[in-house]
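S.K.: here you go, sequence then predicted model.
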Amino acid sequence: MEKRIGAAPTLVYPESDGEPMAETPKHLQAMTDCMDVLRSYFRRFTDVYIGGNMMMYYEEGNPRKSISPDVFMVRGLSKKEIRTYKTWEQPPTLDFVLEVASPSTYTRDFNEKMEIYAKILQVKAYCIYDPYHEIDPSFVGFRLVGEDYEEIPFVNGRIPLEVLGLELGEHEGVLRLYDPVQAAWLFTSEERVGDAEVRVAQAEVRVAQESRARQEAESHAVAESRARQEAESRAQHAEAELAELRAALERLETNK
């Protein structure tokens, strides 16, 4: 009888937990906007990785030991494509995590996840944000001190995050990052494109206005030049006529 060669059993680390990426479009927007801004801000750094909604495994050989941060940042990892995050293959600790919370997730965000982020992944800065302000607190940040978190006080209505060199706050009702060095809010790629388009349109209007003003000035200059030429011509004609009349008068006086 022919002996069959069986495949060796393979331990599978799923790429998804089967849960939706976000509860509402507003939750999804907060997540994608935060990732977009962070990727743009750290684009010059080759060893800063920004990810989100990715299965993260923190115990080799045990796929049940997993978590999926909404947004995270880690230093020491190149910007290569990875499908799952394994702490025995990638850096074992994280720099920053954001969870976009809701009434159905806040208990886990403030308890189970917070414990894993502090004790296992040793996340240096952990923030929880509820875009609908339905939970209390709806916006809070923590820094890791030892193996425990302490709340980060708000400064000017924002949470300063030393690990990012940025501050997290709400700008016009949406979650945004603020650069304290530039004293400016950081916007998404779409917002920057939209702003650039507005500036281009405004510049085009200014160019058109200046062009019309220049044309009007040139028209006025041409008109003034023509008026001067006509005035000079009339003056010359008047002077010639005056000279003729004087000559005629001298002849009359001579012939008296």
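M.R.: Done, it's in.
S.K.: show me where the stretch 101-250 of the chain has strands.
M.R.: Using DSSP state E, counting those that start in this stretch, the strands of the stretch 101-250 of the chain run over 125-129, 139-145, 148-151, 159-161, 166-171, 174-179, 184-186.
S.K.: indicate which one of those strands is closest to Gln29.
M.R.: The closest of these to Gln29 is strand 174-179. By Cβ to Cβ, the value is 7.6 Å. C-beta here means a position set from N, CA and C on the backbone, and glycine is covered the same way.
S.K.: who are the packing partners of the closest one?
M.R.: Strand 174-179 is packed against helix 25-41, strand 166-171, strand 184-186, with contacts defined by 3 or more Cβ pairs under 8 Å, 6 or more residues apart in numbering; DSSP states H and E.
S.K.: show me what the longest one is in contact with.
M.R.: What that stands for is helix 25-41. By Cβ atoms under 8 Å, 6 or more residues apart in numbering, the list of residues contacting helix 25-41 from outside reads 21-22, 50-53, 70-71, 73, 98, 100, 102, 129, 131-132, 164, 166, 174-177, 179, 186-190.
S.K.: just send the strands of the stretch 101-250 of the chain back as a markdown table, with mean neighbour count and mean pLDDT too.
M.R.: Written out in a markdown table, the entries for the strands of the stretch 101-250 of the chain read as follows (neighbours: other Cβ atoms under 10 Å; pLDDT from 0 to 100):
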| stretch | mean neighbour count | mean pLDDT |
| --- | --- | --- |
| strand 125-129 | 24 | 98 |
| strand 139-145 | 19 | 98 |
| strand 148-151 | 13 | 97 |
| strand 159-161 | 22 | 98 |
| strand 166-171 | 19 | 98 |
| strand 174-179 | 19 | 97 |
| strand 184-186 | 15 | 96 |
